[in-house]
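Novice: any chance you could fold what I've pasted below:
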Amino acid sequence: MTATRLKALADRPFELLQEMERRSRAAVAGQGEAAQRSEWVGVGFSIDGERFVASREEVSEVLMIPEAVTRVPGAKRWLIGIANLRGQLLPLIDLSLLLGGGRTDRSRTARVISVSHGEVNAGVIVGEVMGFRRFVEGEYADVMTQTRIRCDRYRAGVFRRGGEEWPVFAFDQLLDSEQFLQAADGPQRS
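Specialist: Model prediction:
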């Protein structure tokens, strides 16, 4: 009967949306304690095919890789260049290269995650962005699980659900690190 009622509203999109909202609210209200538990929301992404999640608060936006990128002479390989995004200059970082992996494949799934911490802004290139991931407090563990990519100092625990692990990548720690802040290749000149 439920599916039939929704099908009857197929040609009235506004009423269909209202019915869907009503059902969603009823489902959440019926969850009782489960709906009251604290929820953590992050953005799922991959580095060299390995899944991670970053706090939603640390991610400004997700972008396609810009076509126009200006190389920076004397920069380390992982600093791909500078891009002009809506009038703002944004350094583009290949996260895999920075962490000692291979160059991120510029396939159609590759994205730039725009992050900022304090006065530092950067666009971090990752292999794929998997959208929002929602977890409840009981799925979090303050442990360091083994990852293939060397990023232990930039991790802040892990979320576990149904046999999957989602290590938490702390972009604020990355943007504060000496490794990130020293983008010049070779000795510094004064």
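Novice: so what secondary structure elements neighbour the helix or strand that residue 22 is a member of?
Specialist: For residue 22, the host element (DSSP states H and E) is helix 13-29. In this structure, helix 13-29 packs against helix 2-8, with contacts taken as 3 or more Cβ pairs under 8 Å, 6 or more residues apart in numbering; DSSP states H and E. Every C-beta, even on glycine, is put in place using the N, C-alpha and C of the backbone.
Novice: so for the helix it packs on, mean pLDDT?
Specialist: Confidence over helix 2-8 (mean pLDDT, whole number) is 69.
Novice: how about stretch 76-85?
Specialist: On average, stretch 76-85 scores 95.
Novice: just the buried positions in that stretch, please.
Specialist: Neighbour counts over stretch 76-85 (16 or more other Cβ atoms under 10 Å) mark 76, 78, 79, 80, 81, 82, 83, 85 as buried.
Novice: who touches it?
Specialist: 63, 66, 68-72, 75, 89-95, 97-98, 114, 123, 125, 183-185 (Cβ atoms under 8 Å, 6 or more residues apart in numbering).
Novice: 10 Å - rerun?
Specialist: If you take Cβ atoms under 10 Å, 6 or more residues apart in numbering as the criterion, stretch 76-85 is touched by 61, 63, 65-72, 75, 89-101, 103-104, 106, 112, 114, 121-123, 125, 179-180, 182-186.
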